[in-house]
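Peer 1: Here's my sequence, what's the structure:
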Amino acid sequence: TASLTYESYDHIVASGAVNIPVADILAIRVAGNLDRRDSYIINGTNDGYEYDPFKNNLSGRVSLRFEPAPDVRIDVIGDYSDIGGRTINAVPLANFFSGIVPGTRPTYLDPDAKAARTNTFRQGQEPIRDITDRGVTGQFEWSPGDFTLTYLGSYREFPNSLQTTLVGGRVPATLSGEQSQQSHELRLVFSDGDRFAAQFGGYFFSEESFVRLTLLNPQVLGLPAFATNYEFVQGPAKGKNKAVFGQASYDIIDDLTATLGARYSYDDKSRVGETAFDTNPAVNIPGNRIVLQVNDAAASFDKVTWRVGLDYASPIGLLYGYVAT
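Peer 2: Numbers count the residues shown, from 1 in each chain. Down below sits the predicted model:
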């Protein structure tokens, strides 16, 4: 299957996928997508920076299904996305209003489309977006008879970098970061084929991130003349979750079923971070850095939740009652 769309601003959206039956026990699917569009904004300066394309996103995915035996199924999916383009997406307020003074009503200029979309702020650096999103997910399922054992796991990474200019083109800004996460779940489902059914399992999740926002020309923001940049740094920020759970149901009599379930969850979160600015070495400040604020934090939580209830398939419809946390 394939599709292609073309619109104004050289907006191209293309998608395609193909299924490949390799053998009776193996199949592969490959899919891809392109989403590209030029910017709505017009560069009204001579700073030499391109605004096109505003977005240039390319993604791909490969899926695999493997069934080596009648009671075994394995699915693996890998995906990768490259998210690029330019970060210019704003114009001056003066394009639309004059007489912008606090406490007074400005005059609407009613600009034409070209005048409204023209940016007159020069950029202090190249406005670029460079983001990657990649991950893999897998599921294993084994069903030999009265029970089914399932494992579900995934891993994902999200490195990113952006450059732009803030405060009317006077403050070059760089944002960079790295996020990753993984999750694992093991679940057992059982049924005697008559009155009793149950499932039990465990779950684990972990994530870690780091982000740094750097602003140059910090004097515009009110910092002293010897400041060389202004930074907001967060990381590593970490989070973990562990849980075990179970639920069982039993048909007390025909059409009357009792259900009981419980889950224990534990969360642990922590973060280190600061707001600071670097200084000119000539001023002899220790470490050439002044920390304005430290926002380290850590916390953990745990809780048991539960659920109990009855449901009855009556001649007039399902009647049920539950109490749960």
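Peer 1: Only C-alpha atoms from now on, for both contacts and neighbour counts.
Peer 2: Will do.
Peer 1: Could you check which helix or strand contains Glu178?
Peer 2: According to DSSP states H and E, Glu178 maps onto strand 171-191.
Peer 1: Return the list of strands paired to the helix or strand just after that strand, each annotated with direction.
Peer 2: Next helix or strand after strand 171-191 toward the C-terminus (DSSP H and E): strand 196-215. According to DSSP bridges, strand 196-215 forms sheet pairs with strand 171-191 (antiparallel), strand 230-253 (antiparallel).
Peer 1: The ones you listed into a markdown table, with extra columns for distance to Leu26 and mean neighbour count?
Peer 2: Listed next are the strands paired with strand 196-215 as a markdown table, based on distance: least, Cα to Cα, whole Å; neighbours: other Cα atoms under 10 Å:
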| stretch | distance to Leu26 | mean neighbour count |
| --- | --- | --- |
| strand 171-191 | 24 | 18 |
| strand 230-253 | 33 | 18 |
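Peer 1: so which of these gets nearest Ser161?
Peer 2: Evaluated over those, closeness to Ser161 peaks at strand 171-191, with 4.3 Å, by Cα to Cα.
Peer 1: ok, the nearest residue to Asp75 once chain neighbours are set aside - contacts?
Peer 2: Nearest residue to Asp75, sequence neighbours excluded (Cα to Cα, 6 or more residues apart in numbering): Arg65, at 4.6 Å. Arg65 is in contact with Ile25, Leu26, Ala27, Ile28, Arg73, Ile74, Asp75, Val76, counting by Cα atoms under 8 Å, 6 or more residues apart in numbering.
Peer 1: swap in Glu274?
Peer 2: Phe232, Val233, Gln234, Val291, Leu292, Gln293, Val294, Asn295, Asp296 are the contacts of Glu274 under Cα under 8 Å, 6+ apart.
Peer 1: and it, bridged to which residues?
Peer 2: Beta-bridge pairing for Glu274 (DSSP bridges): Val233, Val294.
Peer 1: gap between it and Asp24?
Peer 2: Relative to Asp24, Glu274 is positioned 57 Å away (Cα to Cα, to the nearest Å).
Peer 1: Which secondary structure elements does whatever helix or strand Arg134 lives in sit against?
Peer 2: Counting by DSSP H and E, the element that carries Arg134 is strand 129-142. For strand 129-142, the elements it packs on are strand 72-85, strand 147-166, judged by 3 or more Cα pairs under 8 Å, 6 or more residues apart in numbering; DSSP states H and E.
Peer 1: Where does the closest residue in space to Gly168 that isn't next to it in sequence sit: helix, strand or coil?
Peer 2: Distance criterion Cα to Cα, 6+ apart; nearest residue to Gly168, sequence neighbours excluded, is Phe121 at 5.6 Å. Classification of Phe121 using DSSP: H, G, I helix; E, B strand; the rest coil returns coil.
Peer 1: what ranges of the stretch 201-325 of the chain fall below the confidence cut-off?
Peer 2: Applying pLDDT under 70 to the stretch 201-325 of the chain picks out no residues at all.
Peer 1: Parallel or antiparallel, list what pairs with the strand holding Arg134.
Peer 2: Strand 129-142 sits in its sheet next to strand 72-85 (antiparallel), strand 147-166 (antiparallel), going by DSSP bridges.
Peer 1: Just the C-alphas of the first one, formatted as CSV.
Peer 2: In this case it means strand 72-85. This file holds the C-alpha atoms of strand 72-85, laid out as CSV (Å, rounded to 0.1, in the frame of the first residue of the first chain):
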residue,chain,number,x,y,z
VAL,A,72,4.2,-19.9,20.5
ARG,A,73,4.1,-16.5,19.0
ILE,A,74,6.8,-13.8,19.0
ASP,A,75,6.3,-10.2,17.7
VAL,A,76,9.2,-7.8,17.4
ILE,A,77,8.8,-4.2,16.2
GLY,A,78,11.6,-1.7,15.7
ASP,A,79,11.0,2.0,14.7
TYR,A,80,13.2,5.0,13.9
SER,A,81,12.3,8.6,13.2
ASP,A,82,14.4,11.6,12.2
ILE,A,83,12.6,14.8,13.0
GLY,A,84,14.3,17.8,11.4
GLY,A,85,13.6,21.3,10.0
